[in-house]
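# Pasted the sequence and its predicted model underneath.
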Amino acid sequence: MSITDEPELRQRLHEDLAALPVPSPPVGMVIRRGSTLRARRWGAGAAGLAAVAAVAAVAVSVSLPSGRPAAAGRPGPGVRSGPATGSGAATGSGPGAGSGPATGGRPAPGPVLTGAAFAAGTAAGRPWQLSVLDIADPGARCLPAIMLNGTDGDVLALRPGVNGGIASLAFLDHLRGAPADGYAALQVAPEVSRLTADLSNGRTVDVHPVTVAVCGRRVPLAGFSYPRSGVTTITAYAGRQVLTRVTPPATLFTSGDAAGGYVPPGTPGSGGTTLRLVPGVWQQLWSTTRAVAAGPVASGQLGGTRWRISVQLGAGGDCFLGRTFGGQVATGATDCMPVQAPPSTAVLQRFVLQPRAGMSGYAGLASPRAAYLMAALSDGSSLRVRPAEVGGRRYIALALPPGRAVTQVTVYGRSGRPLGTVSPVPAGS
Amino acid sequence: MPRHATLRSYLDLVSDVTGEVAILDTTETRLAEPARQHEFGQFMTARWAGLVRLAYGLTGDRWLAEDVAQAALASAYAAWWRVRRADDPDAYVRRILINTSNSRFRRRRVAEQAHAPGELPDAAVADPSELVGERSALLAALRELPARQRAIVLLRYWDDLSDVQVAAIVGCSPGTVRSQASRALAKLRGSAVLADRGGSQ
């Protein structure tokens, strides 16, 4: 194809742009966004006028010979002055601390941060931070996730449907070694200027979204910490207008120590049963079918039984699906582990692949530099394992017959040099 | 100088500094809120598809295009009193859209350099615009043009605006529009993207 003259360019432009499907106009959303913008501009204008007035007053006082003090400039309507009004991340402590790194008084969308923290605070005497990281291997396509202190991630599904201002809402209060508090992360619509969270201890947290630049997009995010007993209500505002009010079910916060986790209504595959709650895996308030990456990791045959382990990365974490096929019978088992950034060596988790026969499976994540792994088995033998790439991450999996277990795994790089040795951990630990 | 004149000057200054066309509602007669929303809703409904497609031509990204169109229309709504009394409200909104697109593009480049991103994973939802993008070598070639030339090409050959109208929107002389359009056409004629994808057309 080539463009030779203006009529041809005109015709091709019309053809190509007409082929783009355009959704119906979001009039209400644009009006809300415009109203927020107008309010912000009025605030900026009033602040500027106040500054001009202050400068003028100082100028008058300087020009006056003596005696009369200059009038102090006052901020105009809509201007916040003094210290931050929100629960500042830098100073926040205890349940309820949260929101962006510099919170009070700043309307949405706030500054654009590149791969940076969007909420931080101190809970139970320990600092915490929520940030967005690209969890794909270097060179792979961007895969963003919200991480708590750099671990225990929640895959960030960009462009999800917006529920009246809050696009996604996830809670994490089932954590190893941090029993006192939980953490909430929200993706909000651009027009949301402020959120309030009513906590079960009677406190209310004021949270301002922070827009984070991630994977070439701008995503408004917010987060806060809460007491383990839970959050009663979350309200999203555009200026002074309430956009939506969400009441999370109490079961979401009481299930933490029980065997079962909260299952959002309509979650496919749950089959009316509760899902086992894995420490470090975020609980979504709304159901999501989205898997950002899925694919087979390994397969083989053990004593007439074929097995296959695949991975699905999504709202439930890194979930490994094991299937065995023996005769006419197929069995399945699923185990999830928290989403994490690619490790420097590997992480390997043990899970039951076939309960009746006692066949065990191992699955996990390997370093981007890993070429292969050598698994040392309990009977003294060893097994070579190659990572499989799924969604830009390198996963590993293997199955063992009854009576055998992996004692440790050594990871080797492309040059054949060992990168390190790790031991497998039981599922859910 | 009368007090309101000082205010007016200050507001104009704010407008210049922010680089946006319409900033603050001041002393003009304002519509009641429901009437304004109704009037704006009609305006937006009639122009939404065209603005999204113009933004798509400018950005090459469907989702960014919708966001840019929304941002431009939100700016227009924020200063609706000024847009509705403009000689050509359509040109006014197109100008906001082009400015918004340029600023987004600058921000996006910074973000992408820092993150080295690829396309976002989207296993569950098919993106029809990707099909359009695959099919349209022309839109890919357009992305190689400088932002102003791209805007001139789209306004002149897709929106079918006159050189005078394009000049008013882009902020240059009609002569510059003609020369920029001529250069853009020459670049497109020699575009490697168009040549490479020749077989698939």
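Sure thing, it's come through. Numbers count the residues shown, from 1 in each chain, chains lettered A, B, ... in the order given.
# Sheet-wise, list the partners of the host helix or strand of residue A:412 with their directions.
Per DSSP states H and E, residue A:412 falls inside strand A:406-413. Strand A:406-413 sits in its sheet next to strand A:370-377 (antiparallel), strand A:418-422 (antiparallel), going by DSSP bridges.
# Same list (those) but as JSON lines, adding mean neighbour count and mean pLDDT.
Glycine gets a C-beta too; all of them are placed from N, C-alpha and C. Output for the strands paired with strand A:406-413, formatted as JSON lines (neighbours: other CB atoms under 10 Å in any protein chain shown; pLDDT from 0 to 100):
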{"stretch": "strand A:370-377", "mean neighbour count": "19", "mean pLDDT": "93"}
{"stretch": "strand A:418-422", "mean neighbour count": "16", "mean pLDDT": "91"}
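# chain center to the strand holding residue A:412: distance?
Here strand A:406-413 is found 30 Å from its chain centre; the criterion is CA atoms, centre = their mean, to the nearest Å.
# ok, and what's touching that strand?
A:345-346, A:348, A:350, A:362, A:366-367, A:369-378, A:385, A:398, A:400, A:418-424 (CB atoms under 8 Å, 6 or more residues apart in numbering or on different chains).
# let's see 7 Å
The contact list for strand A:406-413, computed with CB atoms under 7 Å, 6 or more residues apart in numbering or on different chains, reads A:345-346, A:348, A:362, A:366-367, A:369-378, A:418-424.
# Report the helix or strand with the lowest average pLDDT across chain A.
One helix or strand of chain A scores below all others by mean pLDDT, DSSP states H and E: strand A:112-114, with a mean of 37.
# how about the strand holding residue A:412: buried residues?
By neighbour count on 16 or more other CB atoms under 10 Å in any protein chain shown, the buried set for strand A:406-413 is A:406, A:409-412.
# Near residue A:397, how many other residues are there?
26 (other CB atoms under 10 Å in any protein chain shown).
# Tell me who's in contact with it.
A:297-298, A:309, A:320, A:361-363.
# Run through who's touching the helix or strand encompassing residue B:181.
Assigned by DSSP H and E, residue B:181 belongs to helix B:174-189. Contacting residues not belonging to helix B:174-189 are listed as A:2-4, A:6, A:9, B:141, B:145, B:148-149, B:152-153, B:156, B:163-164, B:166-167, B:170, B:194 [CB under 7 Å, 6+ apart].
# pLDDT at the residue of the stretch 251-400 of chain A found nearest chain B, what is it?
Evaluated by CB to the nearest CB, the stretch 251-400 of chain A has residue A:292 as its residue closest to chain B, separated by 4.5 Å. Each residue has a pLDDT score; the one for residue A:292 is 84.
# Just the element for it, please.
Element membership for residue A:292, per DSSP H and E: strand A:291-302.
# tell me which residues in the next helix-or-strand element following that strand are buried?
The first helix or strand that comes after strand A:291-302 along the chain, using DSSP H and E, is strand A:305-314. By neighbour count on 16+ other CB under 10 Å, the buried set for strand A:305-314 is A:305, A:307-314.
# what about residue A:153, how many neighbours?
27.
# does it count as helix, strand or coil?
Three-state call for residue A:153 (DSSP: H, G, I helix; E, B strand; the rest coil): strand.
# residue boundaries of the helices in the chain?
Looking at chain A here, since you left the chain open. A:6-18, A:27-63, A:251-254 (DSSP state H).
# was after chain B, sorry
Counting by DSSP H, chain B has helices at residues B:3-18, B:33-59, B:62-78, B:80-84, B:89-115, B:128-135, B:137-142, B:147-153, B:163-170, B:174-189, B:192-196.
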